[in-house]
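1. A structural model of the following input is requested.
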Amino acid sequence: MQQWRADREQGFGYPKAKGTYKINFENGSKYLFEIIIDTLKRANNQYNVIIPWYIMTSNENNEETVSFLEKNDYFGYPNEYVYIFKQENLPLLDENGKLLIDKNGLIKENSNGNGGIFNSMLKKGAIKDMDKRGIEWLFIGSVDNILQKHVDVLLLGLTASKDKQIGTRTVLKRSPEERVGVLCKQNKKIKVIEYTELPDDIARITDENGELVFGESHIMCNLFNINAVKRASTKELEYHVALKKSNYLDKDGHLVEPKKENVYKFEKFIFDSFKLFDDIAILRGKREEDFAPVKNKKGEDSPETAKKLYENYWKKRKNMI
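-> Predicted coordinates:
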């Protein structure tokens, strides 16, 4: 069962819901949503099931996401198995701690981060729908990793065999500078430190084998037992603060387009739910098989690098068959 936020990624430079972004492959082009649906269809055929697909949107992209999927007839996926729900928002503050006004004359808000998924699933009826369908495990991932295993049977087997309620698939950090959160232990519990919160000198520490001590990357490939989801949905996860760039109306009603970061955004992260449990299962994957994100316009983690990883992976799979 797949679930994630259909994110609008301003830093990526794509002005629409990110799932509607199209990548041009050697054998044709596919939207990010379409790639995910292809993965679900393969699993449905392999296991003779229909996997429910839950999508978390925001106020900003919900209408666009629904319209896009309807227009494309859900790329052949049965729409009665698709459940779309919106996450909640929080106000943005300027650098003086004051509220901002958006172009519609309302208080400027932003979605409350991927960690808001648990509360939103409860409030928007998604958990109730899961209970009706008899769902026991949920895979929660992001829309932009085109190598993500949305039906991760290996992670499921590992997590269940270790009698854990949460499992996560990781890859080794490429370098100390890579912009990913990393796993560690604090007070005997697994947690993730965001790259923005990890000091540079700490990020560079290596062990006796030359491997980064803080190098186990959290790549948003998470598996949750339904009971873990229900528990997390009744808790308030901590908030993280990030300085972002956002337009606003000034006191004279003029729209201001800032040239640098000007607002504080408050968001929850899904990995903070790990601390609600004594332990989780961790499966180290391979970057070339598990992690091809589309986050930057150019360079690393761009459509170009993701495309290459994706095509190499499927060529290798084809040669193995």
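
2. buried stuff in stretch 139-158?
-> Judged by neighbour count using 16 or more other Cβ atoms under 10 Å, the buried positions of stretch 139-158 are 139-152, 155-156, 158. Every C-beta, even on glycine, is put in place using the N, C-alpha and C of the backbone.

3. the residues you listed in helices, which ones?
-> Secondary structure assignment by DSSP state H places 155-156, 158 of these in helices.

4. out of the buried residues of stretch 139-158, which sit inside strands?
-> Taking DSSP state E, the ones among those that sit in strands are 139-141.

5. elements contacting the longest helix seen in the chain?
-> Scanning the chain for the longest helix, with DSSP H as the assignment, gives helix 303-320. Packing contacts for helix 303-320, counted by 3 or more Cβ pairs under 8 Å, 6 or more residues apart in numbering; DSSP states H and E, involve strand 22-25, helix 287-290.

6. and the strands in the stretch 201-321 of the chain?
-> Ranges of strands in the stretch 201-321 of the chain, per DSSP state E, counting those that start in this stretch, are 216-225, 240-244, 248-249, 255-256, 263-267, 281-284.

7. can you list the ones in helices among the buried residues of stretch 139-158 in JSON lines and add distance to Lys307 and pLDDT?
-> What follows is these, written out as JSON lines (distance: Cβ to Cβ, whole Å; pLDDT from 0 to 100):
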{"residue": "Leu155", "distance to Lys307": "25", "pLDDT": "98"}
{"residue": "Leu156", "distance to Lys307": "28", "pLDDT": "98"}
{"residue": "Leu158", "distance to Lys307": "30", "pLDDT": "98"}
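
8. looking at those residues, which one is closest to Lys189?
-> Closest approach between these and Lys189, by Cβ to Cβ: Leu158, at 18.8 Å.

9. could you find the closest non-adjacent residue to Thr206?
-> Spatial nearest neighbour of Thr206, chain neighbours left out: Leu212 (5.8 Å); criterion: Cβ to Cβ, 6 or more residues apart in numbering.

10. Phe68 - that's part of a strand, no?
-> No. Phe68 is assigned helix when assessed by DSSP: H, G, I helix; E, B strand; the rest coil, not a strand.

11. my guess is it contacts Glu34. True?
-> No. Using Cβ atoms under 8 Å, Phe68 is not in contact with Glu34, being 10.4 Å away.
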